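S.K.: With the sequence up front, the predicted model follows.
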Amino acid sequence: MPEITTADLLNRVQSNEDTIYVVNFWATWCHPCIEELPVFSSDRLQQWTKPTKVLLVSLDFKSQKDKQLLPFIRDKKVSHEVMLLDEGNPNEWIDKIDKNWSGAIPATIIYHQDKTVFHEGELDIDGLVEMINRIN
Amino acid sequence: MRKILLVIAIGLLTINAVFAQVKVGDSAPDFKLINTNYTSVALSDYNSEEGVILIFTCNHCPYAKFYEERINKLHQTYAPKAYPVIAINPNDSVQYKTDAFSHMVKKGYGFPYLLDNKGIFKAYGATKTPHVFLLHKADDGFKVAYIGAIDDSPQDENQVKTKYLEDAIAALKQGKEVNPSLTKAIGCSIKPFK
């Protein structure tokens, strides 16, 4: 599993291609995150002509990657691309994702070309579709 | 008439949509909540202090656990300096079983650990645990002086470079401006009582 910095992430999603990137910040220790995960596999995310790509950015602790994160992905058959965030001081990187983010997870940000839509807290499928509609 | 109703409806929507958070300089909302020793604790009980370290925290969240010992030490250090800690658990134990009142009692903290069954976290705009609001006593009541993180290294206390909260207290004691007065930290979303 790749370990990425916020710079790596931004590099990946801020492109001029057609893809709509749905980036979810989550962790296996975060109950509402786990409840929310199925939303990102909904068929309703395939309704747009542009491709949508879900990236699950895990805030699990590195020390628990093998014990906690990898088994979770295997057991729950998580099919989306999962990456582990490798960052230091939260006060320095949280604002790079979105100024309105207090740091609570789950949090979801959608990137499409030079536009972003951010949401802090658990999403249902209607909420996620509405976010994508706003950016599309 | 229809127009007036529409304006009111839009007004209500806006209030709902905007997540109100107290800002630095705002008056601190008062509260009166049940403590783990079954007495009530109110912010106004602390009027003779210089300030209060108010921390929304809980039992279940790993980030809250990282800070348990540091919060204990903060109280030991700063209660004698007129900045005691008050901790508030805003989570519903139906959502997080280990956040139940009985589990709060077991913590045995030396500072009040209050159960927020009244949604006080909303009045402050706390979004997560842990979430710190440093309050400073002015002539007309408590004001919010700092919001955010305790320090810059949640996972490893040995790696802490900047102690945001303690720096803020030091600035207040010296009559200086608190800078930064707002910091960000990762935490667990609050799941309140319904």
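M.R.: The structure has been received and is ready for your questions.

S.K.: Going along the chain, name the strands of the chain.
M.R.: Since you didn't name a chain, this refers to chain A. For chain A, the strands defined by DSSP state E occupy A:3-4, A:20-26, A:52-58, A:81-85, A:104-105, A:107-112, A:115-120.

S.K.: Chain B, not that one
M.R.: B:32-35, B:40-42, B:51-56, B:85-89, B:113-115, B:128-129, B:131-138, B:141-148, B:187-189.

S.K.: Against which helices or strands is the first one packed?
M.R.: Strand B:32-35 sits against strand B:40-42, strand B:113-115, with contacts defined as 3 or more C-beta pairs under 8 Å, 6 or more residues apart in numbering or on different chains; DSSP states H and E. No exception for glycine: its C-beta is placed from N, CA and C like everyone else's.

S.K.: Out of those strands, the one nearest chain A is which?
M.R.: Comparing the helices and strands packed on strand B:32-35 against chain A with C-beta to the nearest C-beta, the closest turns out to be strand B:113-115 (19.1 Å).

S.K.: who touches that closest one?
M.R.: Outside strand B:113-115, the residues that touch it by C-beta atoms under 8 Å, 6 or more residues apart in numbering or on different chains are B:31, B:33-36, B:41, B:86-89, B:101, B:104, B:107.

S.K.: coming back round to it: mind putting the helices and strands packed on strand B:32-35 into TSV with mean pLDDT and mean neighbour count?
M.R.: Formatted as TSV, the helices and strands packed on strand B:32-35 follow (pLDDT from 0 to 100; neighbours: other C-beta atoms under 10 Å in any protein chain shown):
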stretch	mean pLDDT	mean neighbour count
strand B:40-42	98	15
strand B:113-115	98	24
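
S.K.: possible to save those as a markdown table with distance to residue B:172?
M.R.: What follows is the helices and strands packed on strand B:32-35, written out as a markdown table (distance: least, C-beta to C-beta, whole Å):
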| stretch | distance to residue B:172 |
| --- | --- |
| strand B:40-42 | 22 |
| strand B:113-115 | 23 |
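
S.K.: Which positions in chain A make contact with chain B?
M.R.: Contact residues (C-beta under 8 Å from any C-beta of the partner chain) of chain A with chain B: A:29-32, A:59, A:61, A:88-91, A:94-95, A:101-106, A:120-122.

S.K.: redo that, cut-off 10 Å
M.R.: Contact residues (C-beta under 10 Å from any C-beta of the partner chain) of chain A with chain B: A:25, A:27, A:29-33, A:35-36, A:59-64, A:85, A:87-95, A:97, A:99-107, A:120-122.
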